[in-house]
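A.B. asks: Only the shape, not the letters, is given here:
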């Protein structure tokens, strides 16, 4: 197991350390682990994601679910944060997503444009900001440039920066795909080297080896792969995404392996709110049972 870095080992400013301490030790299980509820899928995937549970299309329903489930935070785009977060301000930490895109254009040259600022996050009372970084696309030069502005503003204003590190583009698809061990490992390291405080990654699939660079073409277990991803992030805290909805046993095993690797927590959206209300909360309790075994 990789040892999870402690807050006093991250070189954080007082503002960042204060906000991350609040997220990790004053909400959720209050044990240094984290469970976040992302709700940016309406922009990223379209309203189709709400069809399985029509109630989930209502942001007020999601806000209630986040507070009832005692999550460590909820991730929202600025429009929803301004219209719905005010009623729950102070009851659950806000992660304001600063960029986003629709899934209508091809991912071949994916870029997630910035549409909100760190100043907006401060105004709204957020405890962190989120930025989607597409690693490996032809647009990464522009992506890195707009990320540098966000990183600088987050440092100046003492706001923790969570990076959604997502491999994308035709070059990635030719090297195992966006959730291959090679791609996820590279994305985690990239986010860390560019200055993320926390990195969000998808769970790696080491069986996807077509076209990958060595030694990623060797056989690795899923535990070995997620162990390496967390090591690659070094002193950047790691959150592992739930991804598309799957069976409970598979999701809980993914959660266990992520925490065993030294991850800080989980960020599960559709796997939670595409279920009915009561089933959602039962599943959240199961995830918390996993997190409770890995306190800081």
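C.D. replies: Everything's here; your move. Computed from a predicted structure; not experimentally measured.
A.B. asks: Which secondary structure element of the protein has the lowest mean pLDDT?
C.D. replies: Lowest by mean pLDDT, DSSP states H and E among the helices and strands of the chain is helix 41-44, with a mean of 92.
A.B. asks: so what does it touch, helix or strand wise?
C.D. replies: Contacts defined by 3 or more Cβ pairs under 8 Å, 6 or more residues apart in numbering; DSSP states H and E place helix 41-44 against no helix or strand at all. In this view, the C-beta of every residue, glycine as well, is placed from N, C-alpha and C.
A.B. asks: Can you name the residues in contact with the following helix or strand past it?
C.D. replies: Following helix 41-44 in sequence order, the next helix or strand is helix 59-68 (DSSP states H and E). Under the contact criterion Cβ atoms under 8 Å, 6 or more residues apart in numbering, helix 59-68 has outside partners 37, 39, 55-56, 74, 76, 80, 83-85, 87-88, 91-92, 272-273, 277, 280-281.
A.B. asks: What is the burial count for the nearest residue in space to residue 217 that is not next to it in sequence?
C.D. replies: Excluding the flanking residues, the one nearest residue 217 by Cβ to Cβ, 6 or more residues apart in numbering is residue 209, at 4.9 Å. Per other Cβ atoms under 10 Å, the neighbour tally for residue 209 reads 18.
A.B. asks: circling back to that earlier point, chain center to the least confident helix or strand of the chain, what's the gap?
C.D. replies: Relative to the chain's own centre, helix 41-44 is displaced by 14 Å; criterion: Cα atoms, centre = their mean, to the nearest Å.
A.B. asks: now swap in stretch 269-282 and tell me
C.D. replies: The answer for stretch 269-282 is 18 Å, by Cα atoms, centre = their mean.
A.B. asks: So which bits of that stretch are buried?
C.D. replies: Residues of stretch 269-282 classed as buried by neighbour count (16 or more other Cβ atoms under 10 Å): 269, 270, 271, 272, 273, 274, 275, 280, 281.
A.B. asks: and of those, the nearest to residue 252?
C.D. replies: Proximity of the buried residues of stretch 269-282 to residue 252 (Cβ to Cβ) peaks at residue 271, which lies at 10.2 Å.
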